[in-house]
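> Just need the structure, nothing else, for what follows:
(2 chains)
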Amino acid sequence: MNLSRVYAIVLRHYYLTIHQLERASDLFLFPILGLVLWGIFAVAFKDQFSSFVLFLVGGMILWVVFERVGTGIGIDFMWDVWERNLINVMASPITLFEYISGLVAVSVVKVVVSFFAMWVVASLLFGFSISSFGFSLAAFWINLVIFAVVLGIFNVSIVMRFGNTVGPLTWILPFMIQPFAAVFYPISVLPPLVQKAVWFLPISHVFEGMRYTFEHKSFNSSEFLIAFVLNVVYFVLVLIFFAYMLNLVKRKGTLVKL
Amino acid sequence: MSKNSGKPSSATSFAKASEVKKASEGKPVLEVKNLVKKFDNFTAVDNISFTVYEGQILGFLGPNGAGKSSTINCILGVVKPDGGEIKMFGKDLFGNRSEVMQKVNYCSAEYNAGWHLKVFESLNVYCKLYSVPDSKARIMELLELFEIGDLKNESVRNLSFGQRARVSMCKALLNKPKLLLLDEPMASMDPDVVDRGISLLKKTQKEIGMSILYTSHNMWEIEQVADEVVFINHGKIIAKGTPLELTRQHSKLEAKEPDLRDVFIKLSREKYKYDV
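You can find the predicted model right below:
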């Protein structure tokens, strides 16, 4: 892998972000608005339910990590399509895996920025101290980011194959997963059959693990491991899917028509 | 209508096709052998073979839908051929794509250089993609060469067609390519811009010693730049030669100057003639 080419993709999206207000607002405005909304809701009911602020604000912060990375990869790919710039990039020595690595790096950088902005706002407005969870939070983070990357690569593969018409899926897919991810409530409240299906979703283990940490002040290693193993399986599967789709669009000639 | 219509005044300053060296003098830079590309039941490229030699400019002509862009996309590796072989610098393209593409570049009027980026930023990204050393100096050198140094901080989207074409040409020359693929790089440009563009391209081509595969629908452009021309229609190569040779073979037997416009019309309509 050539790091200069991966850096080129990061640099391009850095330039795009500093020139476009809507992309910059994506970094700060939307995550903070969501956090404030759920935070106020949690504060309003904190007397009725203990740990409500912790569950909702913590869930919201981790959800944003997943949603930003998951959609970010697909959106940044579509920016290259919308700008009619993809072929110029693809005609360079870059490999598709370097290109995807660049998009992943961009999303991770963006989510780190969003995360710290939310951290500050959560601690100032709601007294939510992320740092007190230390290692546990970092572990949740790793699993969330891996599954978000899986979703992002899946999105790119689908848009690459079916074109712009399926672009909105990039925004919709994370929210289709959200009800089953148990972001704001425990898995036990879901119907029994759904609970079984949800086991296969790595982020449901992440949010269950997060709640366990909040309640017991200790790290739930079994949830972490299940999520990690599932993530590894999905990551391998999505790379195979991506390689298959790439081969298909190159055969059909649709990559140049995006 | 004369072939000279729309020809810029400085046309005579360019090298005549008859003065250029023979292709076979150089080493092969690009070898396309028995290339086939089908899209479902449609054969876009039908078993074509050609070679671009070191320092050669090969005109690649054909009507719309003839298979030119499909061929170029196969050469870029963004479309997978169904058959045949593509070699660059003696190496198989698909086994060594990243390595060989380091010495290749591409320019098409159809694609943007980065709509929302400033000119310098856009070119800087491509410098990183092609691992260009001392990128700032190289960008400024090319911007000055193409007389758009003052536009370096302008957004690409605010530029005129002609200015954007020049930015695209700068992008295509950033890595001092040994092989340049030009897919109608000056489409929609006014004759003045085309004239300047060709003049600069010829100058740079001599300096770098690069080979060029050049497609265009502007026959004057091809007459000015091409050492040799390959004419393709319905995915097949139907004529090959210097512009003057093609003119003599397919248009005017006693021609002293190339007239590819007449050749183009004749060869493009040949299929229909047989169909009728």
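> so where does the residue in the stretch 1-150 of chain A that chain B sits nearest to fall, helix or strand?
Relative to chain B, the nearest point of the stretch 1-150 of chain A is A:Ala8 (3.5 Å; C-beta to the nearest C-beta). Using the backbone N, CA and C atoms, a C-beta is placed for each residue, glycine as well. Using DSSP states H and E, the element containing A:Ala8 is helix A:3-19.
> Need the residues that contact stretch B:169-177.
Contact with stretch B:169-177 is made by A:88, B:102-107, B:113, B:122-123, B:126-127, B:130-132, B:135, B:138-139, B:142-143, B:145-146, B:148, B:180, B:182, B:185, B:197, B:200-201, B:204, B:208, B:210, as judged by C-beta atoms under 8 Å, 6 or more residues apart in numbering or on different chains.
> just checking, which of the residues you listed belong to strands?
Counting by DSSP state E, the part of the contacts of stretch B:169-177 found in strands is B:Val104, B:Asn105, B:Tyr106, B:Cys107, B:Leu180, B:Leu182.
> What's the local residue count around the first one?
Using other C-beta atoms under 10 Å in any protein chain shown, B:Val104 is surrounded by 29 other residues.
> Now do the contacts for it.
B:Met88, B:Pro177, B:Lys178, B:Leu179, B:Leu180, B:Leu181.
> List just the nearest of the residues you listed to chain A.
B:Leu181 (7.8 Å).
> about what we covered before: can you list the buried residues in the helix holding A:Ala8?
A:4-17 (16 or more other C-beta atoms under 10 Å in any protein chain shown).
> And stretch B:161-177, by the same measure?
Those would be B:162-177, for stretch B:161-177 by 16+ other C-beta under 10 Å.
> what's the burial count for A:Gly39?
Neighbours of A:Gly39 under the rule other C-beta under 10 Å: 22.
> pretty sure it is touching A:Val57, no?
Yes. Here A:Gly39 lies in contact with A:Val57, judged by C-beta atoms under 8 Å, at a distance of 5.2 Å.
> Mutual contacts of the two, please.
Joint contacts of A:Gly39 and A:Val57 (C-beta under 8 Å, 6+ apart) are A:Ala122, A:Phe126, A:Phe128.
> Shouldn't the last one be within a strand?
No. Residue assignment for A:Phe128, taken from DSSP: H, G, I helix; E, B strand; the rest coil, gives coil, which places it outside any strand.
> Now for it, how many residues are close by?
22.
> Return the distance of the nearest residue to B:Lys27 once chain neighbours are set aside relative to chain A.
Counting by C-beta to C-beta, 6 or more residues apart in numbering or on different chains, B:Lys27 lies nearest to B:Glu54, which is 4.8 Å off, once chain neighbours are set aside. As judged by C-beta to the nearest C-beta, to the nearest Å, B:Glu54 and chain A stand 20 Å apart.
> Run a quick neighbour tally on B:Glu54.
Based on other C-beta under 10 Å, the number of other residues close to B:Glu54 is 16.
> Ok, A:Met176 next?
9.
> re the thing from before, dump the buried residues of helix A:3-19 into TSV; add distance to A:Phe219 and pLDDT as well.
Output for the buried residues of helix A:3-19, formatted as TSV (distance: C-beta to C-beta, whole Å; pLDDT from 0 to 100):
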residue	distance to A:Phe219	pLDDT
A:Ser4	39	94
A:Arg5	38	96
A:Val6	32	96
A:Tyr7	35	96
A:Ala8	39	95
A:Ile9	35	94
A:Val10	32	94
A:Leu11	37	95
A:Arg12	38	92
A:His13	34	89
A:Tyr14	35	91
A:Tyr15	40	92
A:Leu16	38	88
A:Thr17	35	86
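> Just the closest of those residues to A:Lys46, please.
A:Thr17 (36.0 Å; C-beta to C-beta).
> surely the closest one meets A:Arg23?
Yes. Counting by C-beta under 8 Å, A:Thr17 does reach A:Arg23; the two are 4.5 Å apart.
> for A:Ala139, what are its contacts?
Applying C-beta under 8 Å, 6+ apart, the residues near A:Ala139 are A:Gly209, A:Phe219, A:Phe224.
> residues from the stretch 101-250 of chain B in reach of chain A?
Selection of the stretch 101-250 of chain B residues close to chain A by C-beta under 8 Å from any C-beta of the partner chain yields B:101-102, B:105-106, B:108, B:110-118, B:121-122, B:124-126, B:128-131, B:155, B:171, B:181.
> What are the phi and psi values at the residue nearest to B:Lys27?
Note on B:Glu54: its backbone torsions stand at phi -50, psi 130 [degrees, to the nearest 10].
> try the one 4 residues further on
Here is the backbone geometry of B:Leu58 (degrees, to the nearest 10): phi -100, psi 120.
> For beta bridges, what are the partners of it?
B:Leu213, B:Glu228 (DSSP bridges).
> Output the lowest mean pLDDT helix or strand found in chain A.
In chain A, no helix or strand scores lower on mean pLDDT, DSSP states H and E than helix A:21-44, which sits at a mean of 79.
> Quick one: list the elements packing against that helix.
Helices and strands touching helix A:21-44, as assessed by 3 or more C-beta pairs under 8 Å, 6 or more residues apart in numbering or on different chains; DSSP states H and E, comprise helix A:3-19, helix A:52-82, helix A:96-126.
> Between helix A:3-19 and it, find me the angle.
80 degrees (axes from the mean of the first three to the mean of the last three C-alpha atoms, to 10 degrees).
> List the residues that contact B:Arg248.
With C-beta under 8 Å, 6+ apart, B:Arg248 has these contacts: B:Glu254, B:Ala255.
> In terms of pLDDT, where does it sit?
B:Arg248 is assigned a pLDDT of 86 by the prediction.
> From the ones in strands among the contacts of stretch B:169-177, pick the one nearest A:Ile61.
So of those, ranked by how close each gets to A:Ile61 (C-beta to C-beta), first place is B:Tyr106, at 43.7 Å.
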